[in-house]
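Asks: here is a sequence with its predicted model. Questions after.
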Amino acid sequence: MRRMPHHRLHVGSFGTEPSGFEDFGRDQPADRQHDGNNARRLVYPDGLADWGDGRLFLVGTEGTLELRKNLDLLGRSGGDHMFVSNTQQTRYQDCSALPVTYYRDFLDDVRNRLPG
């Protein structure tokens, strides 16, 4: 597996205790064939209904897909919210009843991967 070098890597602190704790990080790929960034934050607004939210954004030329793990900003209860937007509309999908297979699939891949 080829590792992609990072074009930019930023870490910082927004004043979270203990002093100097790095509560923010962002990296962007250097590969000219790919574009994107990965950000991590441990500071959330006091008015947020939950301690934080895991989010994934996929942005394409015709629309976006947004996954929110812990909360919906419109106040729908529960977690596992998906929003799909295109040039015509935004759709909401409650994904809480779907099985989460990522960890099982990851462990299966590690156990059964081909050498090399």
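Replies: Done, it's in.

Asks: mind checking how far residue 47 is from residue 113?
Replies: Computed with CB to CB, to the nearest Å, the distance linking residue 47 and residue 113 is 45 Å. Glycine gets a C-beta too; all of them are placed from N, C-alpha and C.

Asks: do the same with residue 101
Replies: 17 Å.

Asks: just residue 71 next, same as before
Replies: 35 Å.

Asks: more neighbours: which of these two?
Replies: residue 71 (20 against 8; other CB atoms under 10 Å).

Asks: that one falls within a helix, correct?
Replies: No: counting by DSSP: H, G, I helix; E, B strand; the rest coil, residue 71 is not found in a helix; it is coil.

Asks: residue 79 is in contact with that one, correct?
Replies: Yes: at 6.9 Å, residue 71 counts as touching residue 79 under the criterion of CB atoms under 8 Å.

Asks: ok, which stretches of this structure are helices?
Replies: Secondary structure of the chain (DSSP state H): helices at 102-112.

Asks: that one: strands as residue ranges?
Replies: Using DSSP state E, the strands of the chain run over 6-12, 24-29, 38-41, 55-59, 63-68, 81-86, 90-94.

Asks: buried sites along the last one?
Replies: Across strand 90-94, burial judged by 16 or more other CB atoms under 10 Å covers no residue at all.

Asks: give the burial count for residue 26, as a bare number.
Replies: Using other CB under 10 Å, residue 26 has 14 neighbouring residues.

Asks: so what's it bridging to?
Replies: residue 10, residue 39 (DSSP bridges).

Asks: look up how far residue 12 lies from it.
Replies: Distance from residue 26 to residue 12, by CB to CB: 9 Å.

Asks: then residue 85?
Replies: Taking CB to CB, one finds residue 85 at 30 Å from residue 12.

Asks: do the same with residue 82
Replies: 30 Å.

Asks: of those two, which one has the most company?
Replies: residue 82 (15 against 10).

Asks: list the contacts for the closest residue in space to the more buried one that isn't next to it in sequence?
Replies: Nearest residue to residue 82, sequence neighbours excluded (CB to CB, 6 or more residues apart in numbering): residue 93, at 4.3 Å. Contact partners of residue 93, counting by CB atoms under 8 Å, 6 or more residues apart in numbering, are 81-84.
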